[in-house]
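Novice: Sequence plus predicted model, see below.
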Amino acid sequence: MLLPVIKYFSHLPRRLFLLDSLGAALTSFFLFIILRFFDDYIGMPVHILSRFLYVGLIFFLYSATCFLLLQRNWSSFIRIIGLGNLLYSSTSLVFIYYYFNMLTPLGVVYFFLEAIIVVFLALIELKVANHLKLQVKSKKS
């Protein structure tokens, strides 16, 4: 199921950075809206939401910069954002567990779905990074 997606992004790695940057922008936008208007409906402490917002913005800037400026050596840069996304998702799950009694059902669903989506993206990114690394090695041989 994932093989066509991995092959697609292995041929067009710049688009993977575009997808990641758009996802990070969307996450940041939602967190900004939640912080401004709906934090009571989510239940996550504001200081945690703010930190997630900042991380989302950093990931957006990283991926957008790679999309715009990177010309080669895609593998290591894709691996960095893939590992960062796994860390972000893991942290989200830890905070869901830690603040579970404070979270509303909507908050649990929001953060859990976001973590699933980001893990899925991170796995694609890591597989593409490995595929690109193998392509470079085979060209050198």
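Specialist: Good, I have the coordinates.

Novice: C-alpha from now on. contacts and neighbour counts both.
Specialist: Will do.

Novice: Can you tell me which residue is spatially central in this protein?
Specialist: Residue closest to the average C-alpha location in the chain (CA atoms, centre = their mean): Asn85, at 4.0 Å.

Novice: Quick check: closest non-adjacent residue to that one.
Specialist: Ala122 (5.6 Å; CA to CA, 6 or more residues apart in numbering).

Novice: just for the protein, where's the confidence low?
Specialist: For the chain, the stretches with pLDDT under 70 are 1, 141.

Novice: For the longest helix seen in the chain, which helices and strands make contact with it?
Specialist: Counting residues, the longest helix found in the chain (DSSP state H) is helix 105-140. Counting by 3 or more CA pairs under 8 Å, 6 or more residues apart in numbering; DSSP states H and E, the packing neighbours recorded for helix 105-140 are helix 3-11, helix 39-42, helix 74-98.

Novice: Just the angle for the helix or strand following the shortest one relative to helix 74-98, thanks.
Specialist: For helix 39-42, the following helix or strand on the C-terminal side (DSSP states H and E) is helix 46-69. Comparing the axes of helix 46-69 and helix 74-98 via axes from the mean of the first three to the mean of the last three CA atoms, to 10 degrees yields an angle of 170 degrees.
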